[in-house]
Structure formats: C-alpha cells, structure tokens
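Trainee: got a sequence here, can you build the structure:
(one chain, ligands or ions: 1)
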Amino acid sequence: MAWRQRFQAAALAGLLPALGLAADGKPATDKDFTAYAQPVIAFTHATVVDGTGGKAAHDQTLVIDHGRIAALGKSSKVKPPEGATVIDAQGKTLLPGFVMVHEHMFYPAGGAEYNEMSYSFPRLYLAGGDTTVRTAGSMMPYADLNVRDAIARGTVIGPDMDVTGPYLNGPGLPIPAVHALGGPDDAERTVNYWSDEGVTSYKAYMQITRDELKRAIDTAHARKAKVTAHLCSVTYREAVELGIDNLEHGFFVSTDFVKDKQPDRCPANADVRQSLADLDPASPEVASLIRLMVQRHVALTSTLTVFETFVAGRPKAPAGALALMLPEVRAQYEASWSRAQAGKSGYSAETYAKLARLEKQYADAGGLLLAGTDPTGYGGVVPGFASKREIELLVEAGFRFEQAVQVATLNGARYLGRDGEVGTLAVGKRADVVVIDGDPLKDVAAMERMPLVFKNGVGYDTRKIFDAMHDSVGLH
Ligand SMILES: [Zn+2]
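Mentor: Below is the predicted model:
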C-alpha cells in the first residue's frame, strides 16, 4: 500500500501513532525523531559505564557541549553549566554509543536474495544504540557508500560507517549479487577498484583460495584498508599467517579442527559442525590457535546474535522487532524459526554455549574481541534490537556487564582506529551516549529499555524511530 492509502486506512482505524506519522499527519521525517538538540545538555545523578571495562560509577554528571563531552564526574563536584538543559538521570545508566563491526545494509528476503535496506537500517541501527558501524560485506556497495556519505553530510540520520566492499569469494556461492573471483589477479583488481570508489575495508568469504586471500590482503594493506573474513576453505591459522586483520563469527566457522581438511576447499557443513561439537576448549590445538591470533594482533568478531537464531530453544525475535518486518517477511521468519526449533540445521545448545565461552577465553588471553550482530541468517537479527541482544549474550557467555560494553564500544573503536574520537565516555570525546532506563548491571534485560540515543550531542527518540519503521524491514 502506498503511504497515502495506508494513512487513510489507518486514520479510519485510529492507528496514526503506530504508523509513525508526525503531529501534522505527514509521515515522520528524520527531524521528527530529534528529542534534544540544545547545545549544552547535562545528565545528573546517572550511573555511568564508560566503555573502558572499568567498574560502573554512580551518581555522575555528564555535560555535553556542542557535540562533545565537556565534563564527567561525581554529581556533588560537577555542576551543570549556566543555561544547560538538565536531564535528571536518576535511575538511568549511560553507555558510550556502540561501535559494531559486523553489520550489513542488506537483509535476507528469502532464497538467495538480499534486499538493500538503505532507508530503514541506518535509522534502526541508530535507534538500537549504534553510533558507529563497520559493514561486513556488501551486496550493493554504491548504496552503502552513498548512505555513508549522506550520514556524514547530515542529510540522513544513522551511525558513522566504515564501508566494506563486495564479498571476496570464488565460484560456488549461489547469490546472484556476488562476483566470483577468478584468481589472485582478479582479487587485486577488485580490491583496487573498490578502493578507488572509497571502500575502506574488505571481507573474504567462504570459498576463496589462499592465493586469492593473500593477494587481497596485500593489496588492501597497500591501500590502507583492513581485511576480515568469514572463512571456510581457508583455516583461521592459514589466514592469520597470510596477514589478515580480523576473523568473523567467533570460532563458529573455523575449519581448523576438521580431520583431513583439503587445502583451499570448504569441507562439508556437517563435518565442520561435528568438529566443533567435538572440540575441547582446553586442548593444546585451541590454545595454540588463540596464542597465534593474539601474537599477530588478529581481532575476532563475536556475532552470537545470528548463531542464536539457529539454536533450538532460544527466544524468538522480540515483538518490537517483528513489528518492523514487512508482513510477508515476518511470515517467512516465523516459519523458519519454527523449523529451527526442531534443532536439525543449527548448533546444539551445548556447542553454542561452548563456542560462546571460547570467545571469552580468547579475550582473556589478550585478544581484541569485537562485537557485531550480522542481520542475515533467516531474518531473526533485526537492527535496532540486535545490538542490545549481543551485549546480553556476551554477559550470558561470562563477561561482566562492563566488559561486554567494552567489547561493543572501545574495542570496535580501537580496531577501526577511531578510539581518539569515540568508544568511551570521556571528556573531549564525541558525545555519543546511549541512555538506558534502569540498571543493566543488576539485570541485563534493562538494555531493552533505551529511550534515547545521542550522536554528536543530538538526542534521538528511539520510540519515534521504531514507530516510523513498522513494516519496512525486508522492503527498503
Ligand atoms: Zn555477515
């Protein structure tokens, strides 16, 4: 339905607010989502989790001045400046804006089709607390680049973006949008082409040869870009030795432990799953791989959100996320979720829990663990809801809340080389602030109450964004 027909139908049904219409009856625009745009804002009596992993501080005042954090400390010592807009944050918790590194601007539309979500995703990422993201593979790189630039210009609201180019993958992937690499020269040509177009990151995918990966890494590094991968044909150890910067999906897609693995070949899915089910986290093989990754400064991205959707017995996407989906897409999701409950296609609950704890083992060994949500799979990972869920799942995996926040903020900023600007709540940094209504240190489910997200000192009303994006995920 066009919005006008929908508006008329909704007006008759008395449903205007649920369709994201502004007070004058027109569809909401980005301007309608702004809750605070005053130049000087002070939060008083807040609990602050600053992103460094250190203990939460209580009864704090945080002052925003023209988009920067100007002061932060005990409310008894730091006074709001004259003329400041004061927000009483008693009972609220402030976190840094999230820096999430396995995001996408596309969403699974069924089969091997992935629709670009240039309209809904930037706004939903922001409404879910993300103020900086790296995309982790693109289906429509020009759309991603144009969205990045529109956000930077301020014509569209959304997180700052580090754009990853199209998937670097050889023959064998049944996705029409993806080019199949034809050898190392093609890998070099592809990376150089997209670097010329403004891409700043690359992602290798499941079917790539070591020679292609090596050339992609060397070419990207010469262009000052980093390379990550969702591997299969190449093992984690091989990729680390080739000089890769980052590996995606924790250890969930490692083929290092498959018996008789053939070089440059992706083993059968069932063999990979079995090797991970059999894996002993205390084994010398695991310790040796983690040691090598730490020594070579290879970051690891946790994407527990997407793996959870394939584990029987885990919760369904929340009602708020379902409301965002296009009805046809919602029906597909519901059917897939029901199938996943049979527990045949995914990881067992035990393997999931073991591999989640292995991410903590890597972090405890000194590895730079990053967080992402990966809104792919069969559609159960929805921007706006997934980042909160990723933090909850990190806590479930054994991280203290403050550590989980660090993984989703400072660690990502460090990896992207943006930690001088964002990633922690500290004087001088950009005022990217997530406001939680409640105390997630006591109950992590409080994360789901996030009424406001500030980026560059501007506060957005998350409820209004969500209301305006109903029925849009899967469409645009
Ligand atoms: Zn992905």
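
Trainee: show me what the longest helix seen in the chain is packed up against.
Mentor: Ranked by residue count under DSSP state H, the longest helix found in the chain is helix 349-364. Counting contacts by 3 or more C-beta pairs under 8 Å, 6 or more residues apart in numbering; DSSP states H and E, helix 349-364 packs against helix 269-278, helix 284-295, strand 299-302, helix 304-308, strand 369-371, helix 386-396. For every residue, glycine as well, the C-beta is placed using N, CA and C.

Trainee: any idea how the chain splits into domains?
Mentor: 3-32, 34-96+427-467, 99-416 (automatic domain parsing).

Trainee: tabulate the ones you listed (CSV), appending distance to the ion, mean pLDDT and mean neighbour count.
Mentor: Listed next are the domains of the chain as CSV, based on distance: least, C-beta to the ion, whole Å; pLDDT from 0 to 100; neighbours: other C-beta atoms under 10 Å:
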stretch, distance to the ion, mean pLDDT, mean neighbour count
domain 3-32, 27, 59, 13
domain 34-96+427-467, 22, 98, 19
domain 99-416, 4, 97, 20
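
Trainee: in JSON lines: the ones you listed, plus distance to residue 474.
Mentor: Formatted as JSON lines, the domains of the chain follow (distance: least, C-beta to C-beta, whole Å):
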{"stretch": "domain 3-32", "distance to residue 474": "16"}
{"stretch": "domain 34-96+427-467", "distance to residue 474": "16"}
{"stretch": "domain 99-416", "distance to residue 474": "3"}
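
Trainee: between those, which one is nearest to residue 473?
Mentor: Set against residue 473 and scored by C-beta to C-beta, the domains of the chain come closest in domain 99-416, at 4.5 Å.

Trainee: off-centre distance for the closest one?
Mentor: 9 Å (C-alpha atoms, centre = their mean, to the nearest Å).

Trainee: cool, and stretch 59-73?
Mentor: Stretch 59-73 has its C-alpha centroid displaced from the chain centroid by 26 Å (C-alpha atoms, centre = their mean).

Trainee: what residues does that stretch touch?
Mentor: Under the criterion C-beta atoms under 8 Å, 6 or more residues apart in numbering, residues 39-48, 50, 74-76, 78-81, 84, 94, 425-431, 433, 454, 456-458 lie in contact with stretch 59-73.

Trainee: if we use 6 Å, what do you get?
Mentor: 39-46, 48, 75, 78, 427, 429, 431, 456-457 (C-beta atoms under 6 Å, 6 or more residues apart in numbering).

Trainee: can you classify residue 255 by secondary structure?
Mentor: Judged by DSSP: H, G, I helix; E, B strand; the rest coil, the three-state class of residue 255 is coil.

Trainee: wait, isn't it in contact with residue 234?
Mentor: No. Checked against C-beta atoms under 6 Å, the pair residue 255 and residue 234 is beyond contact range at 8.0 Å.

Trainee: mind giving me the packing neighbours of whichever strand or helix holds residue 123?
Mentor: Assessed by DSSP states H and E, residue 123 sits inside helix 120-127. Other helices and strands packing on helix 120-127, by 3 or more C-beta pairs under 6 Å, 6 or more residues apart in numbering; DSSP states H and E, are helix 462-468.

Trainee: any idea how far the helix it packs on is from the middle of the chain?
Mentor: The answer for helix 462-468 is 19 Å, by C-alpha atoms, centre = their mean.

Trainee: tell me which stretches of the stretch 301-450 of the chain form helices.
Mentor: 304-308, 319-324, 327-340, 349-364, 386-396, 401-408, 410-416 (DSSP state H, counting those that start in this stretch).

Trainee: which one of the ones you listed lies closest to residue 380?
Mentor: helix 327-340 (6.1 Å).

Trainee: contacts for that closest one, please.
Mentor: 110, 310, 316, 322, 378, 379, 474.

Trainee: can you check stretch 152-162 too?
Mentor: By C-beta under 6 Å, 6+ apart, stretch 152-162 touches 30, 122-123, 125-126, 130-134, 148, 150-151, 200-201, 416.

Trainee: and for stretch 231-245?
Mentor: Outside stretch 231-245, the residues that reach it (C-beta under 6 Å, 6+ apart) are 206-208, 210, 213-214, 217, 226-227, 229, 247, 254-256, 264-266, 289, 292-293, 296, 298.

Trainee: buried residues in stretch 469-476, which are they?
Mentor: For stretch 469-476, the neighbour count (16 or more other C-beta atoms under 10 Å) marks 469, 470, 471, 472, 473, 474, 475 as buried.

Trainee: tell me which of those is nearest to residue 386?
Mentor: Nearest to residue 386 among the buried residues of stretch 469-476, with distances taken as C-beta to C-beta, is residue 473, at 11.3 Å.

Trainee: and the closest one, how far from the ion?
Mentor: Separation of residue 473 from the ion (C-beta to the ion, to the nearest Å) stands at 16 Å.

Trainee: which residues touch that residue?
Mentor: Here residue 473 is in contact with 120, 324, 325 (C-beta under 6 Å, 6+ apart).

Trainee: mind redoing it with 8 Å?
Mentor: Contacts of residue 473 (C-beta under 8 Å, 6+ apart): 107, 117, 120, 124, 324, 325, 326, 329, 382, 383.

Trainee: doesn't residue 476 make contact with the third one?
Mentor: Spelled out, it's residue 120. Yes. At 6.5 Å, residue 120 counts as touching residue 476 under the criterion of C-beta atoms under 8 Å.

Trainee: now the longest helix of the chain and helix 269-278, what's the angle there?
Mentor: Here helix 349-364 runs at an angle of 70 degrees relative to helix 269-278 (axes from the mean of the first three to the mean of the last three C-alpha atoms, to 10 degrees).

Trainee: by how many degrees do helix 349-364 and helix 401-408 diverge?
Mentor: Using the same axes, to 10 degrees: helix 349-364 against helix 401-408 is 80 degrees.

Trainee: who touches helix 349-364?
Mentor: Helix 349-364 is contacted by residues 250-252, 273, 276-277, 279, 281, 286, 290, 293-294, 300, 302, 304, 307-308, 311-314, 347, 369, 393-394, 396-399, 403, 407 when judged by C-beta under 8 Å, 6+ apart.

Trainee: C-alpha coordinates for it, PDB please?
Mentor: The C-alpha trace of helix 349-364 is given here as PDB (Å, rounded to 0.1, in the frame of the first residue of the first chain):
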ATOM      1  CA  ALA A 349      22.700 -25.700  22.800                       C
ATOM      2  CA  GLU A 350      25.900 -27.200  24.200                       C
ATOM      3  CA  THR A 351      28.000 -26.400  21.200                       C
ATOM      4  CA  TYR A 352      26.600 -22.800  21.100                       C
ATOM      5  CA  ALA A 353      27.400 -22.300  24.800                       C
ATOM      6  CA  LYS A 354      30.900 -23.800  24.500                       C
ATOM      7  CA  LEU A 355      31.800 -21.600  21.500                       C
ATOM      8  CA  ALA A 356      30.400 -18.500  23.200                       C
ATOM      9  CA  ARG A 357      32.600 -19.200  26.200                       C
ATOM     10  CA  LEU A 358      35.600 -19.700  23.800                       C
ATOM     11  CA  GLU A 359      35.200 -16.100  22.800                       C
ATOM     12  CA  LYS A 360      35.700 -15.100  26.400                       C
ATOM     13  CA  GLN A 361      38.800 -17.400  26.500                       C
ATOM     14  CA  TYR A 362      40.200 -15.600  23.500                       C
ATOM     15  CA  ALA A 363      39.500 -12.200  25.200                       C
ATOM     16  CA  ASP A 364      41.000 -13.300  28.500                       C
END
